[in-house]
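> Sequence plus the predicted model coming up.
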Amino acid sequence: MKNLIDILDLSVDEINELIDTANDIIANPEKYREKCRYKKLATLFFEPSTRTRLSFEAAMMELGGNVLGFSEAASSSAAKGESVADTITVVSGYADIIAMRHPKEGAPVIAASKSLVPIINAGDGGHHHPTQTLTDLLTISREKGRLDNMTVGLCGDLKFGRTVHSLIAAMSRYKGIKFVLISPEELKVPRYVKETYIKSKDISYEQTESLDEAIDKLDILYMTRVQRERFFNEEDYIRLKDSYILTPEKLKSAKEDLCILHPLPRVNEISTAVDSDSRACYFEQARCGKFIRMALILKLLEVK
Ligand code: CP
């Protein structure tokens, strides 16, 4: 039985297969409508979500299956003190596959050790978010026609941004990738991410605090939210929250074929005036999330 805890649980070939399947689902949705009939997906969300939970649920419904679960810890027996291990032991007797989000890093590893069915990490604290990365890779491949030979700028909260950590891990396996890491000093990418996925592979990168100085080099600009929920102190959050705000003015020096991504939700970091720019791909990115999650469910349930 296969789980998806970390994006590196999937080989590059497996990711390419998932992208192919997602593209086929987009082109031929009717072929997939009964693929998961009588199958159940449990979505166990101990942290808030709009896109990840609802796209997983829509994905299973579009495959003909059913969904059950909870959207906040307060409405589950976690509120009474039940452990993740016990919750998963029980729910894996009710569902065929489980997608879970939890504020504690590593919670999905505990879950996988107890589960009778595949576990999908839908985000664990400030650690990883592999299905967001699959979404990002599908979007990039559809927008750019490739996943290699490009300069990828990651901007904002690179410290707590789990989507950033998973995307760096994934893209470091494609050739010709250069990373530009744009953040305030306090929100720099964690050392383990830099050492494991960038430095140890001799991947070209630069670090800067200036989006203005970096923007003209980028093929991809991955904006992120400064996450209030990860800060220990409100003063730091307030000081850093508006470090970067992408506006039409700032995009004047960007490439014509720049692809602007954001895992969403956004707060202030992309002005709504950018939404009508042809380079703004973040709502299309959110749409892609459902199709790649359909492909992932099929793979983990071993449905042909
Ligand atoms: N991108 C993302 O994980 O969004 P949600 O928090 O809405 O699921």
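Arrived safely, thanks for sending. The model shown is predicted, which means the values in this text are computed figures rather than measured ones.

> Spell out the secondary structure type for the most centrally placed residue in the chain.
Against the mean C-alpha coordinate of the chain, by CA atoms, centre = their mean, the closest residue is residue 132 at 1.8 Å. Following DSSP: H, G, I helix; E, B strand; the rest coil, residue 132 is assigned to helix.

> Confirm for me that it is in contact with residue 163.
Yes. Using CB atoms under 8 Å, residue 132 is in contact with residue 163, at 4.6 Å. No exception for glycine: its C-beta is placed from N, CA and C like everyone else's.

> Pull the contacting residues for residue 218.
151, 152, 153, 180, 254, 255, 258 (CB atoms under 8 Å, 6 or more residues apart in numbering).

> what residues does the stretch 101-250 of the chain put near the ligand?
By the rule CB under 6 Å from any ligand atom, the part of the stretch 101-250 of the chain lying against the ligand is 123, 132.

> what about the helices in the stretch 101-250 of the chain?
107-114, 130-144, 162-171, 191-193, 211-214, 234-240 (DSSP state H, counting those that start in this stretch).

> And the fifth one, how far out from the chain middle?
Translated: helix 211-214. 24 Å (CA atoms, centre = their mean, to the nearest Å).

> ditto for the second one
When distances are taken as CA atoms, centre = their mean, helix 130-144 is centred 9 Å away from the chain's centroid.

> Let me know whether my guess that residue 98 is in a strand holds.
Yes. Looking at residue 98 with three-state DSSP, it is inside a strand.

> Does residue 209 touch residue 187 like I think?
No. At 9.8 Å, residue 209 does not count as touching residue 187 under the criterion of CB under 8 Å.

> ok, the two, which is more surrounded?
residue 187 (21 against 15; other CB atoms under 10 Å).

> Let me see the contact set for the more buried one.
Under the criterion of CB under 8 Å, 6+ apart, the neighbours of residue 187 are 156, 157, 158, 159, 160, 226, 240, 243.

> mind listing what the third one touches?
Contacts here follow CB under 8 Å, 6+ apart; on that basis residue 158 touches 164, 181, 182, 183, 187, 188, 189, 224.

> Next up, the contacts around the first one.
This means residue 164. Applying CB under 8 Å, 6+ apart, the residues near residue 164 are 154, 157, 158, 189, 193, 222, 224.

> Now with 7 Å, please.
Contacts for residue 164 (CB atoms under 7 Å, 6 or more residues apart in numbering) come out as 154, 158, 189, 224.

> what does the third one give?
For residue 182, the set of contacting residues under the criterion of CB under 7 Å, 6+ apart consists of 153, 154, 155, 208, 211, 214.

> just to revisit the earlier point, overlap of the contact sets of residue 132 and residue 163?
Common neighbours of residue 132 and residue 163 (CB under 7 Å, 6+ apart) are residue 263.

> got the CA coordinates for stretch 262-273 in CSV?
Provided in CSV are the C-alpha atoms of stretch 262-273 (Å, rounded to 0.1, in the frame of the first residue of the first chain):
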residue,chain,number,x,y,z
HIS,A,262,0.1,31.4,-5.5
PRO,A,263,-1.2,28.4,-3.5
LEU,A,264,-4.0,30.7,-2.1
PRO,A,265,-5.6,31.9,0.1
ARG,A,266,-4.1,35.4,-0.6
VAL,A,267,-4.4,38.2,1.8
ASN,A,268,-2.6,41.3,0.5
GLU,A,269,0.4,39.9,-1.3
ILE,A,270,-1.1,40.0,-4.8
SER,A,271,-3.2,43.1,-5.6
THR,A,272,-6.6,42.2,-7.2
ALA,A,273,-5.6,44.5,-10.1
